[in-house]
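Q: Pasted the sequence and its predicted model underneath.
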Amino acid sequence: MFRSLMLKGACLKMKNRLIPALLSLLLILTGCNFLENKKPPLEMVAFNSLTSEEKNKIPVSPKDSIVDKVTADKQLGKQLGDEYVGDTLYTVTFQGTEDETNGRLVVYININKETVIGKGYEKNASPTD
């Protein structure tokens, strides 16, 4: 009888230590997830930089855009600024935004995936006769 009481006491002491330890571990692991720096997808960075008029041109969803990694050449440098010539950038091209005078809407994002450095339209291809 004395032995079974001793075992029950030992189990209670272990439970009393185990539960706070598990709760502490859970809080630490949960806290680490909140501290992670989660960046929004490039499509959303680009979409959030658009004017209301530009957003209204997108027929479906910003997720239907095309993301590419490009190196800025001299021609793109004229549009964005000469300091970007030779830099690697992301382009987000929104589908379905072209019209009679402009091609698709393109947003240029710095390689850090946070800074929009410019936007414009693709040039429409000249019709061949």
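A: Here it is on my side, so go on.
Q: Chain neighbours aside, what residue packs nearest to residue 48?
A: residue 40 (7.7 Å; C-beta to C-beta, 6 or more residues apart in numbering). Every C-beta, even on glycine, is put in place using the N, C-alpha and C of the backbone.
Q: Phi first, then psi, for that neighbour.
A: phi -70, psi 160 (degrees, to the nearest 10).
Q: Next: residue 70.
A: Given degrees, to the nearest 10, the pair of backbone angles that residue 70 has is phi -130, psi 160.
Q: neighbours around the residue nearest to residue 48, how many?
A: Using other C-beta atoms under 10 Å, residue 40 has 12 other residues around it.
Q: now do the one 10 residues further on
A: The burial metric for residue 50, expressed as a neighbour count using other C-beta under 10 Å, is 19.
Q: Which residue ranges of the protein form strands?
A: Using DSSP state E, the strands of the chain run over 66-71, 88-94, 105-110, 116-121.
Q: right, and those - which one's nearest residue 51?
A: Proximity to residue 51 (C-beta to C-beta) singles out strand 116-121 among the strands of the chain, at 9.5 Å.
Q: Tell me which other helices or strands that closest one touches.
A: helix 42-48, helix 74-80, strand 105-110 (3 or more C-beta pairs under 8 Å, 6 or more residues apart in numbering; DSSP states H and E).
Q: Now distance to residue 95, mean pLDDT and mean neighbour count too, for these, in JSON lines please.
A: Formatted as JSON lines, the helices and strands packed on strand 116-121 follow (distance: least, C-beta to C-beta, whole Å; pLDDT from 0 to 100; neighbours: other C-beta atoms under 10 Å):
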{"stretch": "helix 42-48", "distance to residue 95": "11", "mean pLDDT": "92", "mean neighbour count": "18"}
{"stretch": "helix 74-80", "distance to residue 95": "21", "mean pLDDT": "91", "mean neighbour count": "13"}
{"stretch": "strand 105-110", "distance to residue 95": "9", "mean pLDDT": "95", "mean neighbour count": "22"}
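Q: Out of these, flag the one nearest residue 122.
A: Nearest to residue 122, of the helices and strands packed on strand 116-121 and by C-beta to C-beta, is strand 105-110 at 6.0 Å.
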